[in-house]
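Chemist: Provided below for reference: sequence and predicted model.
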Amino acid sequence: MQKKTPLNRQVVLEWFEQPDEVFANALLRNYQFTFSKLPEQEEIQLILCSVEKAYNSKRGAWTPCQDKFLNLAVLGICLRYHVKPVELSPQYWEQISRLFRFHNWKSCRNRWLEECHKKASWTPQEDRVLKELQQFKPNKWCEIALDLMRICKTPYVRQGKQCRDRWINKLDPNIVNIPWTREEELLLFKEIEQRGKKWAEISLQVFQLKRTENTIKNRYYNLLKQAEAKMKFGRITKELKNKILVDSVIHQLETSINHQPKLEQGEEYQVKKNCQIHLFDFNNYDDYEEVVVISKGKLVKLNDQQ
(Lines give C-alpha, C1' and ligand atoms only; values in the text may rest on other atoms or scores of the structure.)
Protein backbone atom coordinates (compact mmCIF):
# COMPACT_ATOMS: atom_id res chain seq x y z
CA MET A 1 0.00 0.00 0.00
CA GLN A 2 1.48 3.33 -0.99
CA LYS A 3 1.82 6.17 1.49
CA LYS A 4 -0.29 9.24 0.67
CA THR A 5 1.01 11.61 3.36
CA PRO A 6 3.13 14.47 2.02
CA LEU A 7 6.75 14.90 3.00
CA ASN A 8 6.91 16.57 6.42
CA ARG A 9 9.76 19.08 6.16
CA GLN A 10 9.35 20.39 9.68
CA VAL A 11 10.00 16.97 11.25
CA VAL A 12 13.30 16.64 9.39
CA LEU A 13 14.43 20.17 10.26
CA GLU A 14 13.69 19.60 13.96
CA TRP A 15 16.05 16.62 14.01
CA PHE A 16 18.99 18.94 13.36
CA GLU A 17 18.11 21.66 15.89
CA GLN A 18 20.74 22.14 18.62
CA PRO A 19 22.71 18.96 17.90
CA ASP A 20 25.31 17.48 20.21
CA GLU A 21 28.43 18.52 18.28
CA VAL A 22 30.73 15.91 19.86
CA PHE A 23 28.28 13.07 19.20
CA ALA A 24 27.60 14.36 15.67
CA ASN A 25 31.31 14.40 14.80
CA ALA A 26 31.70 10.86 16.16
CA LEU A 27 28.82 9.69 13.94
CA LEU A 28 30.28 11.29 10.83
CA ARG A 29 33.75 9.93 11.60
CA ASN A 30 32.82 6.33 12.47
CA TYR A 31 29.88 5.53 10.16
CA GLN A 32 29.23 5.56 6.44
CA PHE A 33 27.49 8.91 6.09
CA THR A 34 27.87 10.91 2.89
CA PHE A 35 28.35 14.19 4.78
CA SER A 36 31.79 15.38 5.78
CA LYS A 37 30.21 17.80 8.30
CA LEU A 38 26.75 18.48 9.70
CA PRO A 39 24.50 19.83 6.93
CA GLU A 40 23.28 23.41 7.29
CA GLN A 41 19.62 24.41 6.96
CA GLU A 42 20.16 25.49 3.35
CA GLU A 43 21.64 22.12 2.33
CA ILE A 44 18.83 20.25 4.09
CA GLN A 45 16.22 22.33 2.24
CA LEU A 46 17.89 21.58 -1.12
CA ILE A 47 17.81 17.83 -0.40
CA LEU A 48 14.14 18.03 0.59
CA CYS A 49 13.30 19.96 -2.60
CA SER A 50 15.01 17.37 -4.81
CA VAL A 51 13.12 14.53 -3.08
CA GLU A 52 9.76 16.28 -3.38
CA LYS A 53 10.20 16.80 -7.12
CA ALA A 54 10.50 13.03 -7.63
CA TYR A 55 8.09 12.08 -4.83
CA ASN A 56 5.59 10.35 -7.11
CA SER A 57 7.99 8.84 -9.64
CA LYS A 58 9.93 5.57 -9.98
CA ARG A 59 7.88 3.50 -7.62
CA GLY A 60 10.00 1.00 -5.69
CA ALA A 61 13.30 2.14 -7.21
CA TRP A 62 15.96 3.90 -5.16
CA THR A 63 17.19 7.07 -6.84
CA PRO A 64 20.36 9.09 -6.06
CA CYS A 65 18.30 11.85 -4.43
CA GLN A 66 16.47 9.27 -2.28
CA ASP A 67 19.79 7.76 -1.22
CA LYS A 68 21.04 11.18 -0.14
CA PHE A 69 17.79 11.86 1.69
CA LEU A 70 18.00 8.46 3.42
CA ASN A 71 21.49 9.35 4.65
CA LEU A 72 20.13 12.64 5.94
CA ALA A 73 17.19 10.95 7.69
CA VAL A 74 19.37 8.32 9.41
CA LEU A 75 21.76 11.01 10.60
CA GLY A 76 18.85 13.14 11.84
CA ILE A 77 17.24 10.28 13.79
CA CYS A 78 20.60 9.40 15.40
CA LEU A 79 21.08 13.02 16.47
CA ARG A 80 17.52 13.42 17.71
CA TYR A 81 17.56 10.29 19.92
CA HIS A 82 21.32 10.12 20.56
CA VAL A 83 21.71 6.56 19.24
CA LYS A 84 24.24 4.95 16.92
CA PRO A 85 23.06 3.68 13.51
CA VAL A 86 23.63 0.03 14.45
CA GLU A 87 21.41 0.52 17.52
CA LEU A 88 18.39 1.83 15.60
CA SER A 89 15.34 -0.30 16.43
CA PRO A 90 12.48 -1.07 14.01
CA GLN A 91 10.54 1.79 15.61
CA TYR A 92 13.22 4.29 14.57
CA TRP A 93 13.38 2.84 11.05
CA GLU A 94 9.60 3.10 10.88
CA GLN A 95 9.88 6.83 11.56
CA ILE A 96 12.39 7.13 8.73
CA SER A 97 10.26 5.10 6.32
CA ARG A 98 7.28 7.41 6.82
CA LEU A 99 9.20 10.02 4.86
CA PHE A 100 9.39 7.69 1.84
CA ARG A 101 6.26 7.02 -0.15
CA PHE A 102 7.15 3.60 -1.56
CA HIS A 103 9.66 2.15 0.94
CA ASN A 104 8.90 0.36 4.22
CA TRP A 105 11.22 0.27 7.22
CA LYS A 106 12.98 -2.92 6.14
CA SER A 107 13.68 -1.49 2.69
CA CYS A 108 15.11 1.70 4.22
CA ARG A 109 17.23 -0.20 6.70
CA ASN A 110 18.62 -2.63 4.15
CA ARG A 111 19.35 0.15 1.68
CA TRP A 112 21.36 2.11 4.22
CA LEU A 113 23.17 -0.97 5.52
CA GLU A 114 24.31 -1.87 2.00
CA GLU A 115 26.70 1.07 2.18
CA CYS A 116 28.35 -0.06 5.42
CA HIS A 117 28.07 -3.80 4.92
CA LYS A 118 31.28 -5.67 5.64
CA LYS A 119 32.09 -9.36 5.51
CA ALA A 120 33.37 -10.62 8.83
CA SER A 121 33.78 -14.08 10.34
CA TRP A 122 31.19 -15.07 12.90
CA THR A 123 32.42 -15.09 16.49
CA PRO A 124 31.42 -17.65 19.15
CA GLN A 125 29.59 -14.87 21.01
CA GLU A 126 27.54 -13.98 17.91
CA ASP A 127 26.65 -17.64 17.37
CA ARG A 128 25.53 -17.99 20.97
CA VAL A 129 23.44 -14.81 20.89
CA LEU A 130 21.94 -15.76 17.52
CA LYS A 131 20.77 -19.10 18.94
CA GLU A 132 19.13 -17.35 21.89
CA LEU A 133 17.46 -14.70 19.73
CA GLN A 134 16.11 -17.34 17.33
CA GLN A 135 14.35 -18.96 20.30
CA PHE A 136 12.69 -15.70 21.39
CA LYS A 137 12.01 -14.26 17.92
CA PRO A 138 11.84 -17.23 15.54
CA ASN A 139 12.62 -16.26 11.94
CA LYS A 140 12.27 -12.49 12.52
CA TRP A 141 15.63 -11.98 10.90
CA CYS A 142 15.67 -8.18 10.60
CA GLU A 143 14.85 -7.76 14.28
CA ILE A 144 17.34 -10.48 15.21
CA ALA A 145 20.09 -8.71 13.24
CA LEU A 146 19.42 -5.44 15.06
CA ASP A 147 19.41 -7.10 18.49
CA LEU A 148 22.53 -9.10 17.62
CA MET A 149 24.54 -5.96 16.80
CA ARG A 150 23.24 -4.18 19.90
CA ILE A 151 24.08 -7.06 22.27
CA CYS A 152 27.44 -8.00 20.75
CA LYS A 153 28.42 -4.37 20.03
CA THR A 154 29.96 -5.37 16.70
CA PRO A 155 31.89 -2.67 14.79
CA TYR A 156 30.37 -4.04 11.57
CA VAL A 157 26.84 -4.60 10.33
CA ARG A 158 24.93 -7.88 10.26
CA GLN A 159 21.96 -8.04 7.92
CA GLY A 160 18.88 -10.19 8.38
CA LYS A 161 19.87 -12.39 5.43
CA GLN A 162 23.27 -13.07 7.01
CA CYS A 163 21.63 -14.18 10.26
CA ARG A 164 19.19 -16.42 8.39
CA ASP A 165 21.97 -18.04 6.34
CA ARG A 166 24.09 -18.59 9.43
CA TRP A 167 21.20 -20.28 11.23
CA ILE A 168 19.95 -22.57 8.48
CA ASN A 169 23.42 -23.60 7.28
CA LYS A 170 25.41 -23.86 10.53
CA LEU A 171 23.49 -23.47 13.78
CA ASP A 172 20.10 -25.12 13.33
CA PRO A 173 20.14 -28.23 15.61
CA ASN A 174 18.07 -30.14 13.03
CA ILE A 175 21.01 -30.21 10.61
CA VAL A 176 22.63 -33.61 10.06
CA ASN A 177 26.21 -33.91 8.84
CA ILE A 178 26.38 -37.63 8.20
CA PRO A 179 27.30 -38.81 4.67
CA TRP A 180 24.58 -38.86 2.04
CA THR A 181 22.93 -42.18 1.28
CA ARG A 182 22.15 -43.31 -2.28
CA GLU A 183 18.44 -43.16 -1.41
CA GLU A 184 18.75 -39.52 -0.35
CA GLU A 185 20.66 -38.61 -3.50
CA LEU A 186 18.09 -40.31 -5.71
CA LEU A 187 15.28 -38.56 -3.87
CA LEU A 188 17.06 -35.23 -4.35
CA PHE A 189 17.41 -35.65 -8.11
CA LYS A 190 13.82 -36.79 -8.58
CA GLU A 191 12.51 -33.86 -6.54
CA ILE A 192 14.55 -31.41 -8.61
CA GLU A 193 13.10 -32.97 -11.77
CA GLN A 194 9.61 -32.27 -10.44
CA ARG A 195 10.06 -28.97 -8.62
CA GLY A 196 13.09 -27.41 -10.29
CA LYS A 197 16.04 -26.00 -8.35
CA LYS A 198 13.99 -24.75 -5.42
CA TRP A 199 16.59 -25.44 -2.77
CA ALA A 200 14.73 -23.88 0.16
CA GLU A 201 11.49 -25.67 -0.69
CA ILE A 202 13.20 -29.05 -1.06
CA SER A 203 15.16 -28.55 2.18
CA LEU A 204 11.98 -27.79 4.10
CA GLN A 205 9.38 -30.06 2.54
CA VAL A 206 11.47 -33.08 1.51
CA PHE A 207 14.36 -33.21 4.01
CA GLN A 208 12.62 -31.40 6.92
CA LEU A 209 15.60 -29.02 7.14
CA LYS A 210 17.95 -31.87 8.08
CA ARG A 211 19.81 -31.15 4.84
CA THR A 212 20.45 -27.44 4.35
CA GLU A 213 19.89 -25.44 1.19
CA ASN A 214 23.63 -25.12 0.59
CA THR A 215 24.24 -28.82 1.27
CA ILE A 216 21.51 -29.83 -1.16
CA LYS A 217 22.74 -27.50 -3.88
CA ASN A 218 26.38 -28.57 -3.43
CA ARG A 219 25.49 -32.27 -3.47
CA TYR A 220 23.48 -31.87 -6.65
CA TYR A 221 26.25 -30.11 -8.55
CA ASN A 222 29.00 -32.36 -7.18
CA LEU A 223 27.23 -35.47 -8.49
CA LEU A 224 26.72 -33.80 -11.87
CA LYS A 225 30.39 -32.88 -11.98
CA GLN A 226 31.40 -36.48 -11.17
CA ALA A 227 29.14 -37.77 -13.95
CA GLU A 228 30.51 -35.24 -16.43
CA ALA A 229 34.10 -36.34 -15.70
CA LYS A 230 33.20 -39.83 -16.98
CA MET A 231 31.71 -38.61 -20.26
CA LYS A 232 32.79 -36.87 -23.44
CA PHE A 233 30.45 -34.41 -25.08
CA GLY A 234 30.46 -33.00 -28.57
CA ARG A 235 28.82 -29.74 -29.54
CA ILE A 236 25.45 -29.92 -27.82
CA THR A 237 23.29 -27.40 -26.05
CA LYS A 238 23.66 -26.75 -22.35
CA GLU A 239 20.09 -27.95 -21.72
CA LEU A 240 20.67 -31.27 -23.51
CA LYS A 241 23.99 -31.79 -21.74
CA ASN A 242 22.36 -31.20 -18.35
CA LYS A 243 19.54 -33.62 -19.15
CA ILE A 244 22.01 -36.35 -20.15
CA LEU A 245 23.99 -35.84 -16.93
CA VAL A 246 20.88 -35.88 -14.73
CA ASP A 247 19.56 -39.04 -16.40
CA SER A 248 22.98 -40.66 -16.01
CA VAL A 249 23.17 -39.87 -12.29
CA ILE A 250 19.63 -41.15 -11.67
CA HIS A 251 20.37 -44.36 -13.58
CA GLN A 252 23.59 -44.95 -11.61
CA LEU A 253 21.85 -44.36 -8.29
CA GLU A 254 18.93 -46.64 -9.14
CA THR A 255 21.32 -49.38 -10.30
CA SER A 256 23.40 -49.05 -7.12
CA ILE A 257 20.33 -49.22 -4.89
CA ASN A 258 18.84 -52.21 -6.73
CA HIS A 259 22.08 -54.19 -6.38
CA GLN A 260 22.40 -53.63 -2.63
CA PRO A 261 21.93 -56.84 -0.58
CA LYS A 262 18.38 -56.94 0.75
CA LEU A 263 17.26 -58.49 4.00
CA GLU A 264 14.16 -60.64 4.27
CA GLN A 265 11.10 -58.77 5.51
CA GLY A 266 11.13 -60.41 8.96
CA GLU A 267 14.88 -60.04 9.32
CA GLU A 268 14.74 -56.37 8.29
CA TYR A 269 12.10 -55.73 10.94
CA GLN A 270 14.18 -57.42 13.61
CA VAL A 271 17.24 -55.37 12.66
CA LYS A 272 15.28 -52.12 12.90
CA LYS A 273 13.69 -53.19 16.17
CA ASN A 274 16.63 -54.73 18.04
CA CYS A 275 19.76 -53.05 16.69
CA GLN A 276 21.32 -49.78 17.73
CA ILE A 277 24.35 -47.97 16.38
CA HIS A 278 27.08 -47.19 18.93
CA LEU A 279 30.53 -45.68 18.88
CA PHE A 280 32.69 -48.01 20.94
CA ASP A 281 36.18 -49.36 21.49
CA PHE A 282 36.70 -52.53 19.44
CA ASN A 283 38.98 -53.86 22.18
CA ASN A 284 35.97 -54.05 24.55
CA TYR A 285 33.21 -55.30 22.30
CA ASP A 286 32.64 -58.34 24.57
CA ASP A 287 30.51 -56.00 26.70
CA TYR A 288 27.85 -56.06 23.95
CA GLU A 289 25.40 -58.91 23.58
CA GLU A 290 25.74 -58.98 19.82
CA VAL A 291 27.84 -56.85 17.47
CA VAL A 292 27.21 -56.88 13.73
CA VAL A 293 29.18 -55.18 10.94
CA ILE A 294 28.66 -55.02 7.21
CA SER A 295 31.51 -56.63 5.29
CA LYS A 296 31.44 -56.99 1.51
CA GLY A 297 27.71 -56.42 1.45
CA LYS A 298 26.96 -59.06 4.09
CA LEU A 299 26.08 -58.89 7.78
CA VAL A 300 28.85 -60.46 9.90
CA LYS A 301 28.52 -61.18 13.63
CA LEU A 302 31.64 -60.37 15.63
CA ASN A 303 30.66 -62.03 18.90
CA ASP A 304 27.95 -64.62 18.43
CA GLN A 305 27.21 -65.82 21.96
CA GLN A 306 24.49 -68.27 21.03
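Modeler: Arrived safely.

Chemist: now what about the helix or strand containing E43, what contacts it?
Modeler: Per DSSP states H and E, E43 falls inside helix 41-53. With contacts defined as CB atoms under 8 Å, 6 or more residues apart in numbering, helix 41-53 is touched by L7, R9, V12, L13, F16, P39, C65, Q66, K68, F69, L72. Quick note: C-beta positions are derived from backbone N, CA and C, even for glycine.

Chemist: with stretch 137-155 instead?
Modeler: 86-90, 106, 109, 120, 123, 125-126, 129-130, 133-134, 157-164.

Chemist: buried subset of the contacts of helix 41-53 as a ChimeraX selection?
Modeler: Remark: buried members of the contacts of helix 41-53, expressed as a ChimeraX selection using 16 or more other CB atoms under 10 Å:
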select :7,12,16,39,65,66,68,69,72
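
Chemist: from the contacts of helix 41-53, which ones fall inside strands?
Modeler: If you go by DSSP state E, the contacts of helix 41-53 have nothing in strands.

Chemist: make CSV from the contacts of helix 41-53 and add distance to V176 and pLDDT to it.
Modeler: Shown next, in CSV, are the contacts of helix 41-53 (distance: CB to CB, whole Å; pLDDT from 0 to 100):
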residue, distance to V176, pLDDT
L7, 52, 73
R9, 57, 81
V12, 52, 87
L13, 57, 86
F16, 54, 87
P39, 54, 85
C65, 50, 83
Q66, 45, 85
K68, 48, 87
F69, 48, 88
L72, 49, 89
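
Chemist: buried residues in stretch 135-142?
Modeler: For stretch 135-142, a neighbour-count test (16+ other CB under 10 Å) marks K140, W141, C142 as buried.

Chemist: correction: the previous question concerned stretch 214-229.
Modeler: Residues T215, I216, K217, R219, Y220, L223, L224, A227, E228 are the ones in stretch 214-229 that count as buried (16+ other CB under 10 Å).

Chemist: same check, this time on stretch 36-55
Modeler: Within stretch 36-55, the residues that count as buried by 16+ other CB under 10 Å are L38, P39, I44, I47, L48, V51.
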